[in-house]
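> fold the following for me, if possible:
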Amino acid sequence: MAGGGAPAEDDGAPAGGVAAGGGPPKAGGCSGGWEGAAHLFDFNLDHLGPGTLDAELWRVGDRSEAYLRRAVAARVGLWGPHGYEATTTQTYRDAAGERLDGAYAYTLRLPPPPPAYGWALSAHEVPRSPGPEPRAVSDRTPGLVREPDGTVVLRLAARPPRAPAANWVPVPAGPFRAVLRLYVPEAGYRVPGLVREEPE
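This is a model prediction of the structure:
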């Protein structure tokens, strides 16, 4: 993939993620409306640091593209991590292509194996408004319930479900975007789309 991706709906939030929407991913993958830019910080290979992988997968061969990508990365978040260390992907729409809205509840099934160093999912109001960051649910949330095969079923809704409460991701009452952070994801790990349930 050759470049960073921009969010499909612009609320002023930076994009970053498992794979950019503009082309096939080189590592990791996304579907169901998720998008980002796993290779946004590949330009860092110009300044090799401890643990940096000097591999073709994470190298920008075209110098003009490397300069442009560095400018985009500086706007989004200078010196962010490489995609093989941590990556962020987001979506404004569910698996059917409908806008995410707190009037509905959604289900996200994170398949095994999970990223080596964990994950975190949160929901953010659109457009953004001042205030504290929303509560995130992660692989380290106390009481998190996993299926026998390791799948984690998360429920995104404005009101808490009956059970299990630890798997509940609170969402705003109106439009929102879901943000998923993956820490050291396996190559080829794919994030499914959010499935909308009946109105709350």
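
> state the pLDDT value of the spatially most central residue of the chain.
Closest to where the C-alpha atoms of the chain average out (C-alpha atoms, centre = their mean) is residue 89, at 2.1 Å. At residue 89, the predicted lDDT confidence score is 89.

> for the one helix or strand residue 65 maps to, which positions count as buried?
Using DSSP states H and E, residue 65 maps to helix 63-77. Neighbour-count burial for helix 63-77, counted by 16 or more other C-beta atoms under 10 Å, picks out 66, 69-70, 72-73, 76. Using the backbone N, CA and C atoms, a C-beta is placed for each residue, glycine as well.

> beyond it, next helix or strand please.
Sequence order places strand 86-91 as the next helix or strand after helix 63-77, per DSSP H and E.

> quick one: that next one to helix 63-77, angle?
Here strand 86-91 points in a direction 80 degrees away from that of helix 63-77 (axes from the mean of the first three to the mean of the last three C-alpha atoms, to 10 degrees).

> what's the first helix or strand after strand 86-91?
Using DSSP H and E, the next helix or strand after strand 86-91 towards the C-terminus is strand 104-110.

> which secondary structure elements does that next one contact?
The contact analysis (3 or more C-beta pairs under 8 Å, 6 or more residues apart in numbering; DSSP states H and E) places strand 104-110 against strand 152-157, strand 195-199.

> and the residue lying closest to residue 164 once chain neighbours are set aside, what is it in contact with?
With sequence-adjacent residues excluded and distances taken as C-beta to C-beta, 6 or more residues apart in numbering, residue 164 is closest to residue 145, at 4.3 Å. With contacts defined as C-beta atoms under 8 Å, 6 or more residues apart in numbering, the neighbours of residue 145 are 152-153, 164, 166-167.

> roughly how far does the closest residue to residue 153 other than its chain neighbours sit from residue 95?
Nearest non-adjacent residue to residue 153, counting by C-beta to C-beta, 6+ apart: residue 109, 5.4 Å away. To residue 95, residue 109 is 11 Å away according to C-beta to C-beta, to the nearest Å.

> overlap in contacts, these two.
The contact sets of residue 109 and residue 95 overlap at residue 192 (C-beta under 8 Å, 6+ apart).

> these two: which has the busier surroundings?
Taking other C-beta atoms under 10 Å, residue 109 and residue 95 do not tie; residue 95 has more neighbours (18 against 14).

> and residue 170, how many neighbours?
17.

> which SSE is the residue lying closest to it once chain neighbours are set aside in?
Here the nearest residue to residue 170 in space, its sequence neighbours aside, is residue 135; by C-beta to C-beta, 6+ apart that works out to 5.7 Å. Assigned by DSSP H and E, residue 135 belongs to neither a helix nor a strand.
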